[in-house]
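Enquirer: Return atomic coordinates for the entry below.
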Amino acid sequence: MNAATTKTNHHSDQPSVKISINKVGLDRPRAWLAAGVEDFRRATVVSLSYGMFWVGLSIAITLGAFTMGYWYWLLPMIAGFMFIGPLVAVGSYGISRALERGQVPNLGDAFGSWKPHAGQLAMMGVMMMIFFLAWIRLATLLFALFFGFEVPSPASLYTALLTTSEGLGMLAVGTVAGGILAFGAFAISVVAIPTLMDQDLTFMEGIEASVRCVARNFRVMLLWAIILTLCVLVGVMTFYIGLALILPVLGHASWHAYEDLVRIEPFEKIKS
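Expert: Numbering: from 1, shown residues only. Sure thing, here's the model as predicted:
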């Protein structure tokens with residue numbers, strides 16, 4: 001079963017493509033993960049190199065935050081990773097697409113796959129950054145509400161988060177509020193970014209396809225969002241090292257999720 005809409009050609013009143021959203025079962029996330037692992041196995045060197053790039057960048061940002069005295073931004077920034085994760089996965093989409101075309105992936109596929117659709121992907125980046133900044137602002141307000149405006153030491157802050165009513169309250173409220181924001185970002189991007197890489201569409205058409213996908217497969221996509229969140233959390237808990245493997249695998253899996261969920265056909269083919 002699928003739901004469909006059409007994209008109209010900007011120079012004609014005739015729709016040029018039909019975008020269909022497939023209905024899938026709760027077993028599909030496991031299949032997407034298996035396909036992601038297989039893509040990682042087939043392109044281990046390139047995928048691992050791409051993952052290590054983001055690990056190195058994450059470590060550099062963390063060290064810089066401590067060095068410059070902005071360590072208190074680390075927790076909301078790490079939690080906010082889910083808002084920009086779909087953009088981080090762009091290189092993995094390029095690797096998976098190269099494998100499907102029978103090509104041997106290289107670093108150009110990982111780091112340059114965004115170029116043909118740079119404008120629309122940049123607009124998606126702006127949308128995701130809006131969510132990220134909203135989360136940072138919310139996290140700042142929550143901290144001021146529960147702890148005031150005085151910044152404690154790292155040891156006392158993290159102890160207070162887990163042992164005081166103020167800390168536990170902030171974690172509870174922040175988790176709920178952040179989860180709502182994160183799922184909103186997930187809903188507009190889960191298939192939007194791979195769609196924009198694969199098709200000549202606008203970022204709004206990609207967002208529309210993504211939202212329809214989540215609406216049509218809500219339970220499946222909620223499960224997928226939980227899996228993505230837990231996997232990234234495990235990677236962060238290994239001091240980012242685990243992300244070298246986790247990020248590429250999740251990116252490859254997300255590409256296969258897109259292909260399973262979205263079908264785009266030329267309108268001329270449909271009429272014939």
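Enquirer: From the contact counts, what lies against the helix or strand harbouring residue 246?
Expert: For residue 246, the host element (DSSP states H and E) is helix 243-261. The elements that helix 243-261 packs onto, with contact taken as 3 or more C-beta pairs under 8 Å, 6 or more residues apart in numbering; DSSP states H and E, are strand 15-22, helix 28-42, helix 44-67, helix 81-88, helix 90-100, helix 192-198, helix 218-237. Glycine gets a C-beta too; all of them are placed from N, C-alpha and C.
Enquirer: Could I get the ones you listed in TSV, plus columns for mean neighbour count, distance to residue 170 and mean pLDDT?
Expert: Formatted as TSV, those follow (neighbours: other C-beta atoms under 10 Å; distance: least, C-beta to C-beta, whole Å; pLDDT from 0 to 100):
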stretch	mean neighbour count	distance to residue 170	mean pLDDT
strand 15-22	19	38	82
helix 28-42	18	31	97
helix 44-67	16	20	94
helix 81-88	21	18	86
helix 90-100	24	33	95
helix 192-198	26	32	92
helix 218-237	17	18	95
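Enquirer: Compare these and give me the one nearest residue 141.
Expert: Minimum separation from residue 141 across the helices and strands packed on helix 243-261 (C-beta to C-beta) falls at helix 81-88, 16.9 Å.
Enquirer: list the helices and strands that closest one packs on?
Expert: Using 3+ C-beta pairs under 8 Å, 6+ apart, helix 81-88 is in contact with helix 118-147, helix 165-189, helix 192-198, helix 218-237, helix 243-261.
Enquirer: Please enumerate residues in contact with the shortest one?
Expert: Where contact means C-beta atoms under 8 Å, 6 or more residues apart in numbering, the residues beyond helix 192-198 that reach it are 86-87, 89-90, 93-94, 97, 113-114, 116-117, 120-121, 124, 201, 203, 205-207, 209-210, 254-255, 258, 262, 264.
Enquirer: With the second one instead?
Expert: Among residues not part of helix 165-189, those counted as contacts by C-beta under 8 Å, 6+ apart are 79, 82-83, 86, 124, 127-128, 131-132, 134-135, 138-139, 142-143, 145-147, 160-162, 207, 210-211, 214, 221-222, 225, 228-229.
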